[in-house]
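Novice: sequence? don't have it. structure:
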């Protein structure tokens, strides 16, 4: 099971290896945690880790997740491109985007736990990699060929580049933004678009560059910076905007906790042809799950369990492994049962690690 580092206790065992921001192995799978190890994780800004829990992860049919090393390598290239005047050029990290695309096309479980191996200070870059992957998954569902998927992915991975030019104190402010601060945030699409033009404008296709400028536009015209609406918004930007919102809302931020995936799923489902293009919403939601594998839930019969696999045709009715009996309940067949609630990390800690 996945736990925040702040909830770790001596004696717990890691069920997956833990990597640092540079891709170095910090602790291997099977290590029994000590106070010293936990403090080391905190010093290295590790946010969450996988530990052996009531339902050991190796008993679940969890798909292989996106290569940690590949994600970190891509994030570092993004950081270099954004921060260093003599840093890398766009064509130098196109190979990383192409490698991400190969992961997507391979059918691996690339949406499982996308951002949680990264430290909080690298949020913008981790988020950009995740939005790239989610956008390409959505494009694949819409029937895009490899050339279009690559152009979409490159635009998506650069979509928040302008945020690197925004004051970090505003970006990471724990409280509510003032109107003046929000107006500063709203400049990041144009800043990013201008930055790419200055650095490597000819290396990027117009469709990719449009994503950087238009990913905050909304179907009803309420977005920014140009208040585009409906079909004025190019397809790549329409896809990236949904991926951006989904990933941002399902991720912890300095100013709020993550929303549960099922709540974000329902919000997006209700926003078709209001905030977002309904065809894009339909394709995107077929790429993600309201109850991802590893989610702990309370069922309507009072039992607690862990989602172990999905029913693609009925995403709100996955297969759940009951704790502690190990009984598998397929909610597609158990029609009298529904998921009543998702259990928070706090509740899991109280029930199983108190």
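Specialist: Cool, got the structure. In this text, all values refer to a predicted model and were calculated from it rather than measured experimentally. Numbering: from 1, shown residues only.

Novice: make it CA atoms for all contacts and neighbour counts henceforth
Specialist: Noted.

Novice: now do the buried residues in stretch 124-132.
Specialist: By neighbour count with 16 or more other Cα atoms under 10 Å, stretch 124-132 contains the buried residues 124-132.

Novice: nearest to residue 293 among those?
Specialist: residue 130 (17.6 Å; Cα to Cα).

Novice: just the mean pLDDT for the helix or strand in which that closest one is found, thanks.
Specialist: In the assignment (DSSP states H and E), residue 130 maps to helix 123-141. Taken as a whole, helix 123-141 has a mean pLDDT of 89.

Novice: same deal with stretch 193-208?
Specialist: 84.

Novice: any residues touching it, and which ones?
Specialist: Residues from elsewhere that reach stretch 193-208, judged by Cα atoms under 8 Å, 6 or more residues apart in numbering: 89-91, 151-156, 161-162, 209-210, 212-213, 236.

Novice: sort out for me which of those are in helices.
Specialist: 90-91, 151-156, 209-210, 212-213, 236 (DSSP state H).

Novice: what about the residues you listed, which one has the most neighbours?
Specialist: Among the ones in helices among the contacts of stretch 193-208, residue 156 has the most neighbours (other Cα atoms under 10 Å), with 34 neighbours.

Novice: assign residue 10 to helix, strand or coil.
Specialist: Under DSSP: H, G, I helix; E, B strand; the rest coil, residue 10 falls in the coil class.

Novice: with adjacent residues omitted, what lies nearest to it?
Specialist: Spatial nearest neighbour of residue 10, excluding adjacent residues (Cα to Cα, 6 or more residues apart in numbering): residue 34 at 4.5 Å.

Novice: need the phi and psi values for that neighbour.
Specialist: phi -120, psi 170 (degrees, to the nearest 10).

Novice: what of residue 13?
Specialist: Backbone geometry at residue 13, expressed as degrees, to the nearest 10, gives phi -120, psi 140.

Novice: residue 291 too?
Specialist: Backbone torsions of residue 291, given as degrees, to the nearest 10, read phi -130, psi 90.

Novice: quick one: residues contacting the residue lying closest to it once chain neighbours are set aside.
Specialist: In space, and not counting its chain neighbours, residue 291 is closest to residue 262: 6.0 Å by Cα to Cα, 6+ apart. For residue 262, the contact set (Cα under 8 Å, 6+ apart) comprises 289-291.

Novice: quick one: pLDDT of residue 262?
Specialist: The predicted local confidence for residue 262 is 94.

Novice: same check on residue 234?
Specialist: Reported pLDDT for residue 234: 98.

Novice: from residue 155, how far out is the residue nearest to residue 223 when sequence neighbours are not counted?
Specialist: By the measure of Cα to Cα, 6+ apart, the closest residue to residue 223 outside its immediate chain neighbours is residue 217, 4.0 Å from it. Counting by Cα to Cα, to the nearest Å, the gap from residue 217 to residue 155 is 15 Å.

Novice: tell me which residue lies farthest from the centre of the protein.
Specialist: No residue in the chain sits farther from the centre than residue 336, which is 32.4 Å out by Cα atoms, centre = their mean.

Novice: assign that residue to helix, strand or coil.
Specialist: From three-state DSSP, the assignment for residue 336 is coil.

Novice: please report phi then psi for it.
Specialist: The phi/psi pair for residue 336 (degrees, to the nearest 10) is phi -80, psi -10.

Novice: from residue 162, how far off is it?
Specialist: 50 Å.

Novice: excluding its backbone neighbours, what's nearest residue 229?
Specialist: Spatially, and ignoring its direct neighbours in sequence, residue 229 is nearest to residue 221 (4.2 Å; Cα to Cα, 6+ apart).

Novice: which stretches of the chain form strands?
Specialist: 2-4, 18-19, 25-27, 48-50, 296-299, 304-309, 319-323, 328-330, 339-342 (DSSP state E).

Novice: which pLDDT value goes with the residue nearest to residue 10?
Specialist: 94.

Novice: mind listing what it touches?
Specialist: Per Cα under 8 Å, 6+ apart, neighbours of residue 34: 9-11.

Novice: need the residues you listed in CSV with neighbour count, distance to residue 232 and pLDDT, can you?
Specialist: As requested, the contacts of residue 34 are exported to CSV (neighbours: other Cα atoms under 10 Å; distance: Cα to Cα, whole Å; pLDDT from 0 to 100):
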residue, neighbour count, distance to residue 232, pLDDT
9, 14, 53, 84
10, 12, 56, 90
11, 11, 57, 90
